[in-house]
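> Okay, here's the prediction I keep looking at, along with the sequence it came from:
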Amino acid sequence: MGHGNNGFSVAGLHRLREVLEAHVESKKIPGLVALVGRGEETHVEAIGTMRHDGGSPMRRDTIFRMASTTKPVAVAATMILLDECRLRLDDPIDTWLPELADRQVLKRPDSPLDDTVPARRPITVRDLLTSTCGLGLDTTAMSSPMMGAYFERKVYGENGWMLPAVEPDEWMRRLGTLPLMYQPGERWLYNVSDDVLGVLVARVTGQPFETFLRMRIFEPLGMKDTGFHVPADKIHRLPPLYAPDPQSGEFTVEDPAEGGHHSTPPAFPSSGGGLDSTADDYHAYFRMLLNHGMHGSERILSRPAVELMTTNRLTPEQLAAREAWARNVVHLSYGQGQHGGWGFGMAVRTYRGDYAPIGQFGWDGGAGTTTYADPENGLVGILLTQTGMSTPDSTQAMHDFWTTLYQAIDD
């Protein structure tokens with residue numbers, strides 16, 4: 001007795017639930033959905049309510065804003081184009097993204113925008129996949145002219161929202177008015193590369209980015225609730241997004257469900273942070289990665305494509321710079337970010353800094369989401385909340401989720 005038939009102990013899963021229940025009972029997180037999958041077995045907990053004042057309970061099919069947890073899924077579109085030789089890793093992107101051709105590069109990351117030297121080489125597909133294209137949100141230089149320019153030129157921050165708010169062509173035009181912060185391939189920088197990849201895929205395929213993702217990733221994997229907005233007939237399954245006030249703890253609604261940012265198709269389908277999804281949809285995707293690109297008898301991605309995505313691609317110098325970035329990001333400084341490496345669109349653990357083993361891959365989202373897969377244990381873990389990272393609460397719940405999940409493994 002005492003053993004689950006799926007490699008988790010019954011006592012361990014009970015403890016996992018108790019720990020998550022305590023986070024909800026503390027009134028810091030209204031509700032959450034947790035999924036753990038190992039082999040053929042899946043265990044799901046839906047705890048608490050959609051809203052902070054009660055009402056509808058969280059359900060297994062609740063739809064969440066995936067925020068930056070979008071990155072590891074959206075990057076698969078580019079991998080399909082590599083598999084089909086419609087793109088090559090070291091192709092310059094200039095043909096498809098002329099806005100980013102012939103770049104100037106800041107002499108120092110905090111230089112004035114006109115204090116530049118020419119780029120030593122073009123940006124390549126590889127640079128975008130590894131987030132080393134020279135553009136990104138640099139938390140180590142928040143007061144720099146370049147960071148200010150992102151917001152002044154409304155590359156980010158239009159409508160007070162951290163996702164691009166204009167059509168891809170106009171967004172690329174704005175991005176093209178800026179220099180690079182670093183030479184192409186030099187340094188890992190967050191987020192911009194991912195958003196550019198979505199534009200690249202749309203231009204290479206001649207289809208809207210979401211259409212290509214749906215045809216090639218979502219539909220084959222049965223991800224029926226995943227997309228860049230939540231249609232009217234499902235909007236009741238989307239909770240409000242809360243940004244608790246750091247001082248008072250009051251549940252401020254950052255994004256309502258009806259009439260919010262995710263209630264209509266966005267002008268810009270953000271590969272860096274725009275997807276809405278469910279625990280089961282994300283499980284199907286990460287299980288496919290653990291199965292080396294296979295979903296049942298159907299191949300979604302080639303085995304080497306998955307290996308490239310899910311293993312570290314950064315040099316030791318680039319790893320050091322990424323660690324400095326992680327220490328400066330609010331939600332990572334609450335205890336996430338013990339990874340080391342980066343593959344394509346996702347973190348990869350290159351050292352053991354917590355309960356998870358080396359090789360675990362995935363990412364977290366500022367809307368209170370975490371998804372990782374672990375090849376060593378054949379494990380997928382997903383925790384989805386509607387509580388953003390303005391306070392440590394959702395991050396601490398994630399931390400405790402992973403700590404208890406790894407203790408529940410029972411071989």
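Received it, and whenever you're ready, just let me know what you need. Numbering: from 1, shown residues only.

> tell me the centre residue of the chain?
With distances taken as Cα atoms, centre = their mean, the residue of the chain nearest its centroid is residue 69 (2.3 Å).

> I'd say that residue and residue 363 touch.
Yes - between residue 69 and residue 363 there is a contact at 5.4 Å, judged by Cβ atoms under 8 Å. Just so you know, the C-beta spots here come from the backbone N, C-alpha and C atoms, and that holds for glycine as well.

> hmm, back to that, tell me the contacts of the residue nearest to the residue nearest to the centre of the chain when sequence neighbours are not counted?
Once flanking residues are discounted, residue 69 sits nearest to residue 365: 3.8 Å by Cβ to Cβ, 6 or more residues apart in numbering. By Cβ atoms under 8 Å, 6 or more residues apart in numbering, residue 365 lies in contact with 65-70, 273.

> what about residue 352, distance to residue 321?
Distance from residue 352 to residue 321, counting by Cβ to Cβ, to the nearest Å: 21 Å.

> neighbour count winner among those two?
residue 321 (19 against 12; other Cβ atoms under 10 Å).

> host element of that one?
helix 316-328 (DSSP states H and E).

> Now tabulate the contacts of residue 365 in a markdown table and tack on secondary structure and distance to residue 28.
Converted to a markdown table, the contacts of residue 365 look like this (DSSP: H, G, I helix; E, B strand; the rest coil; distance: Cβ to Cβ, whole Å):
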| residue | secondary structure | distance to residue 28 |
| --- | --- | --- |
| 65 | strand | 19 |
| 66 | coil | 21 |
| 67 | helix | 19 |
| 68 | helix | 21 |
| 69 | helix | 20 |
| 70 | helix | 25 |
| 273 | coil | 23 |
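
> what's the most distant pair in those residues?
Farthest pair in these (Cβ to Cβ) is 65 and 68. Separation: 10.3 Å.

> I figured residue 183 was touching residue 105, is that so?
Yes - with contact defined as Cβ under 8 Å, residue 183 reaches residue 105; the gap is 5.4 Å.

> Which residues are in contact with each of those two?
119-120, 134.

> In terms of distance to residue 382, which of the residues you listed ranks first?
Nearest member of those to residue 382, counting by Cβ to Cβ, is residue 134, at 32.5 Å.

> Quick check: closest non-adjacent residue to residue 295.
Going by Cβ to Cβ, 6+ apart, residue 295 has residue 288 as its nearest residue, at 4.8 Å.

> Buried ones in the helix or strand hosting that neighbour, by neighbour count?
Using DSSP H and E, residue 288 sits within helix 279-290. The neighbour-count check on helix 279-290 (16 or more other Cβ atoms under 10 Å) flags 279-290 as buried.

> do stretch 98-110 as well
Buried-residue list, stretch 98-110, by 16+ other Cβ under 10 Å: 99-100, 103, 105-106, 109-110.

> Out of the residues you listed, which sit inside strands?
105-106 (DSSP state E).

> so which of the buried residues of stretch 98-110 comes closest to residue 397?
When the buried residues of stretch 98-110 are compared against residue 397 (criterion: Cβ to Cβ), the nearest one is residue 109, at 34.0 Å.
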